[in-house]
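S.K.: Starting from these lines, generate the structure:
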Amino acid sequence: MYATVHNHVFPLIRSTYGSKLQVIFRQQIQPWHPSSTLVHEAGVAVLKVAPEKFFDFSKLLFEESKGFYDVNVVNETRNQTYKRLVQIAGKVGVDEGKVGALLWIADKAGEDGSLNSGNGVTDELKVLVKMNRLVGIHVTPTVVFNGVVENSISSSFTGEQWEEWLKKNVV
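M.R.: All right, here's what the predicted structure looks like:
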């Protein structure tokens, strides 16, 4: 669905609907896939470092997503997976050092003795999770239109189906 939205829906909205429609793209972790948290943390890090590159990063990440499926990360440490995510950010022109610094998890206790302090995007990720919970989002993709979950839109929606749906629903 991301490729359809990125390549067809976003340009359609810009050219046809302009100020009539606001799109909020919100990440949703799928907790049954442990690497989902890491992938979404990388998205948040890119948003913090170079927000204008977020959609380019997301597009490339979706293209390379199989590399982050369960069987392809099971033998990696968390920081090894982050390293690969940082490299994807670098491919779209985001400063790898800055993204990596936000993601890296220390392997020693913090100065205050903390052992579970997260990383440089933990707080932002918690806010995303809370926001999604408030509107009942549990899976991806989920489309919310005028504050209501729109169950008729599925991951298999084509560009043409999106165009038809938007024409019918955006006045």
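S.K.: How about the residue positioned nearest the centre of the chain, nearest residue that isn't a chain neighbour?
M.R.: In the chain, the C-alpha nearest the mean C-alpha coordinate belongs to Gln27, at 4.0 Å (C-alpha atoms, centre = their mean). Leaving out its chain neighbours, the residue that sits closest to Gln27 by C-beta to C-beta, 6 or more residues apart in numbering is His40, at 4.7 Å. C-beta here means a position set from N, CA and C on the backbone, and glycine is covered the same way.
S.K.: tell me the mean pLDDT over the top helix by length along the chain?
M.R.: Within the chain, and with DSSP state H defining each element, the longest helix by residue count is helix 34-49. pLDDT averaged over helix 34-49 equals 97, rounded to a whole number.
S.K.: what do you get for stretch 22-31?
M.R.: In this model, stretch 22-31 has an average pLDDT of 88.
S.K.: end to end, how far does that stretch reach?
M.R.: 28 Å (C-alpha to C-alpha, to the nearest Å).
S.K.: What lies in contact with it?
M.R.: Counting by C-beta atoms under 8 Å, 6 or more residues apart in numbering, the neighbours of stretch 22-31 from elsewhere in the structure are 10, 13, 36-37, 40, 43-44, 55, 125, 128-129, 131-132, 137, 139-140, 142.
S.K.: Pull out the buried positions in that stretch.
M.R.: With burial defined by 16 or more other C-beta atoms under 10 Å, the residues of stretch 22-31 counted as buried are Gln27, Gln28, Ile29.
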